[in-house]
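In: Okay, here's the prediction I keep looking at, along with the sequence it came from:
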Amino acid sequence: QVQLVQSGGSLVQAGGSLRLSCAASGRTSSSRPMGWFRQAPGKEREFVAAISSTGLDTYYADSVKGRFTISRDNAKSTAYLQMHSLEPEDTAVYYCAAHRFALLGPNYYSDREYAYWGQGTQVTVSS
C-alpha cells in the first residue's frame with residue numbers, strides 16, 4: 001500500500017504562484033512514477049503532469065506546459081507541482097497519484113494508470 005498526503009493548496013490571485021506537495025509513504029512509494037490531476041467544478045478529472053520514478057522524464061498537459069513544473073525528491077519520498085502564472089481556469093481540486101507500475105507507459109495521462117491517490121487540495125485563482 002502507498003499513502004499520499006498532499007499540502008500547499010490555497011487562494012491566490014491571477015498571475016501568482018503556488019507549490020503543491022505530495023508526501024508518499026509505504027512500500028515502493030519512492031520507486032513509482034507520480035502524476036498530478038485536477039478536477040474543476042462540474043468537470044471531469046483531467047491530467048496535469050506526470051514524472052517518471054527517476055525524475056528524468058516529465059509530461060504535461062498542453063494547458064499547463066511552460067507554467068507548471070513537476071518534480072520529485074526521492075530521498076524525501078515527495079513529489080511537487082510548482083505552478084506559475086496561475087489563471088482563473090486553473091481553479092480546481094488538485095490530486096496527486098502514484099502509478100500502478102514502475103514505468104510510465106504511453107497512457108501516462110489516464111487516471112486509470114494510477115493506483116493510489118492523495119486526498120486532494122483546493123487551488124483557487126481569483127481574477
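Out: Alright, I've got the coordinates.

In: what's around residue 123, how many residues?
Out: Counted by other C-beta atoms under 10 Å, the residues lying close to residue 123 total 21. Glycine gets a C-beta too; all of them are placed from N, C-alpha and C.

In: For the nearest residue to it once chain neighbours are set aside, grab the count of nearby residues.
Out: Take residue 123 and drop its neighbours on the chain: the residue closest to it by C-beta to C-beta, 6 or more residues apart in numbering is residue 9, 5.0 Å away. Close neighbours of residue 9, defined as other C-beta under 10 Å, add up to 17.

In: Ramachandran angles for residue 9?
Out: Main-chain torsions, residue 9, degrees, to the nearest 10: phi -70, psi 160.

In: contacting residues for it?
Out: Residue 9 is in contact with 18, 20, 94, 121-123, counting by C-beta atoms under 8 Å, 6 or more residues apart in numbering.

In: For the nearest residue to residue 99 once chain neighbours are set aside, give me its contacts.
Out: Distances taken as C-beta to C-beta, 6+ apart put residue 33 closest to residue 99, at 4.0 Å, once the chain neighbours are dropped. If a contact means C-beta under 8 Å, 6+ apart, then residue 33 has 50-53, 98-99, 101-104, 108 as its contacts.

In: let's see it at 6 Å
Out: Neighbour list for residue 33: 52-53, 99, 104 [criterion: C-beta atoms under 6 Å, 6 or more residues apart in numbering].

In: wait, isn't residue 95 in contact with residue 122?
Out: No. The pair residue 95 / residue 122 is not scored as a contact, 10.9 Å apart, by C-beta atoms under 6 Å.

In: can you put the contacts of residue 33 in a markdown table and add neighbour count, pLDDT and distance to residue 4?
Out: Shown next, in a markdown table, are the contacts of residue 33 (neighbours: other C-beta atoms under 10 Å; pLDDT from 0 to 100; distance: C-beta to C-beta, whole Å):
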| residue | neighbour count | pLDDT | distance to residue 4 |
| --- | --- | --- | --- |
| 52 | 18 | 96 | 17 |
| 53 | 20 | 94 | 15 |
| 99 | 23 | 95 | 12 |
| 104 | 21 | 90 | 17 |
